[in-house]
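Novice: What follows is a predicted protein model with its sequence.
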Amino acid sequence: MNGASFAPAALVLNVNDRDSVRYMITRMLQRGGFEVIEAASGHQALQQVRERRPRLVVLDIKLPDIDGLDVCRRIKQDADSPPIKVLHTSAVFVSPEAKVQSLNSGADGYLSHPFEQEELIAVARSLLRLLDAEQRLRDTARELYQANQRIHEFLAMLAHELRNPLAAIVSCLPLIEREAARSDAERSARHVMRRQSAHLRRLVDDLLDAARVTQGKIEPKWETTDLAALLTRVADNCRRTLTDGRQQTLTSRIPAGPVLMRADPLRLEQVFSNLLDNASKYADRGGQVELALEVRQDRAHVMVRDDGMGIAPESLATIFNLFSQGEVSLARSRGGLGIGLTLAQSLVQMHGGTVSASSDGLGKGCTMDVTLPLTMTLGAPPPSPVNAESVIRSSALRILVVEDNDDAQLMMKYLLEAWGHEVLVASDGSAGLHAIRTHRPDVALVDIGLPIVSGYEIARLINADDYRSQMMLIALTGYGAPEQRQRALDAGFDLHLVKPVEPALLAGVISAGRPGAALS
């Protein structure tokens, strides 16, 4: 037999308590090009496996101490051992039931004595080829997992890094809008800035959520939700921010009464906002967008339809994949990041529902169908949104801004001064800690990812100071994951706000002075 394909020779452990049979099998394997070690009992076999790590064990079932079935089980259950193939042999246990018992113990193959050398070598080589193929699959799976982890870590970090410049832009808008626009062009420019900054914020949030939801790290906040009221709010917001500006018609068919279900209303709004955003984006100017809700037995069926560019048949199978956009032109005039549908599908599945896409082809529009399970359990209605501007306190406060991004720091300073507050700034954690202890501000807005001393450490260091109870300590950061929010509160922050925070909300929480909340 030619063993040239195994270089270096594969190590095989031959286990048999009969010297003559063991010698014969060893000679067969050696002629096939294998390196062979031997054992005459179960205990010796397990010791050889631990010390020599053979790739294949030719294991007789009938042994004087531990039977070959138990030896096989122990080899296969050893988590510290590399994968090993086991070939059972026997001259006694040759019935079909014995072979089934052998395979059930974890063996990869079975030969009954007497067998020919060619048969033994062929089976051994087949098992080693299978072992190599399995190892390649494991290596590929590990590489894919690591690559997937790196992608999601990158997405999360990208979202965080984008929040700082976005926060600076959002803080500029109230300052610009303090003066009346001097022309229609300036008024339009302001509207564009506000609309596009809101769009950018949503893209950043989607990036972060896509990274989290695909790793199963989003924890829903369940409550009884009126789906009909939720869809009405989403449709009204879509008309105001998207379809009206594109001269599109959004029609909605939603039942007048409540449609109750157990849901995370924030995440469901995210789903249907994404679907309507997609429908409007891919519909033509002056086109039609439709939103409909029907209740059939114990499930809600929500349809979002547009009459726009449609989806090619070959793209329907991958349209929910991360970064998939079907046929996208080089101009990317309708682009986006290709993450909205991935996020929508994951969030719908989190609610026990399904989402599917259908289209008659390019230029013939698209329909998204979402089904969700319903519950008729009544609960308290969702709280009405609070206008934070209405709680702005008239008295000036001393506020410290600890922020290492110069633009974000400057714009926050200007905004707070425009509200009548005295503002101090620091550009790193050490300077921020010194400013807190020296100036004792009423409010400290502290970034988390600071040079020298982190925001978490600042909170921990000042929590024992005697004036801490008189100061509101707010984390204003790009780190918005639930575990990061909880870590901020555990470190001693009174509030956790995620950049870019809406100016009205920031004004409200500063003036209301309500510690212990976690807002985003």
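Specialist: Received it, and whenever you're ready, just let me know what you need.
Novice: Give me the buried stretch members for stretch 187-197, please.
Specialist: Across stretch 187-197, burial judged by 16 or more other Cβ atoms under 10 Å covers 193-194, 197. Using the backbone N, CA and C atoms, a C-beta is placed for each residue, glycine as well.
Novice: If you tally nearby residues, what's the number for the nearest residue to residue 358 once chain neighbours are set aside?
Specialist: Closest residue to residue 358 apart from its sequence neighbours, by Cβ to Cβ, 6 or more residues apart in numbering: residue 367 at 5.0 Å. When neighbours are defined as other Cβ atoms under 10 Å, residue 367 has 17 of them.
Novice: and residue 367, that's in a strand?
Specialist: Yes: using DSSP: H, G, I helix; E, B strand; the rest coil, the assignment for residue 367 is a strand.
Novice: pretty sure it is touching residue 355, no?
Specialist: No: the criterion here is Cβ atoms under 8 Å, and residue 367 misses it with residue 355 at 11.1 Å.
Novice: so where do the strands sit in the stretch 401-520 of the chain?
Specialist: 422-426, 443-446, 472-477, 495-498 (DSSP state E, counting those that start in this stretch).
Novice: of those, which approaches residue 302 most closely?
Specialist: Among the strands of the stretch 401-520 of the chain, the nearest to residue 302 by Cβ to Cβ is strand 495-498 (28.1 Å).
Novice: Each with direction, which strands does that closest one pair with?
Specialist: Take DSSP bridges as the rule and strand 495-498 pairs in its sheet with strand 472-477 (parallel).
Novice: in the partner strand, what's buried?
Specialist: 472-477.
Novice: and of these, the nearest to residue 459?
Specialist: Nearest member of the buried residues of strand 472-477 to residue 459, counting by Cβ to Cβ, is residue 473, at 6.1 Å.
Novice: neighbouring contacts of stretch 62-76?
Specialist: Contacts of stretch 62-76 with the rest of the structure, by Cβ atoms under 8 Å, 6 or more residues apart in numbering, involve 15, 17, 41-43, 45-46, 49, 57, 59-61, 81, 84, 86, 88, 90, 92-93, 101-102, 105-107.
Novice: Now go through those residues and say which are in strands.
Specialist: 15, 57, 59-60, 86, 88, 90 (DSSP state E).
Novice: Format those as TSV; extra columns: distance to residue 396.
Specialist: Formatted as TSV, the ones in strands among the contacts of stretch 62-76 follow (distance: Cβ to Cβ, whole Å):
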residue	distance to residue 396
15	86
57	81
59	84
60	89
86	79
88	85
90	91
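Novice: Widest-spaced pair of those?
Specialist: Within those (distances taken as Cβ to Cβ), the two that end up farthest apart are 57 and 90, at 14.1 Å.
Novice: quick one on the thing from earlier: for beta bridges, what are the partners of the residue nearest to residue 358?
Specialist: Going by DSSP bridges, residue 367 forms beta bridges with residue 305, residue 358.
Novice: about what we covered before: need the buried residues of strand 472-477 in JSON lines with pLDDT and distance to residue 423, can you?
Specialist: Below are these laid out as JSON lines (pLDDT from 0 to 100; distance: Cβ to Cβ, whole Å):
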{"residue": "472", "pLDDT": "91", "distance to residue 423": "15"}
{"residue": "473", "pLDDT": "93", "distance to residue 423": "16"}
{"residue": "474", "pLDDT": "93", "distance to residue 423": "14"}
{"residue": "475", "pLDDT": "92", "distance to residue 423": "18"}
{"residue": "476", "pLDDT": "88", "distance to residue 423": "13"}
{"residue": "477", "pLDDT": "84", "distance to residue 423": "19"}
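Novice: one step back: contacts only, for the residue nearest to residue 358.
Specialist: 303-305, 357-359.
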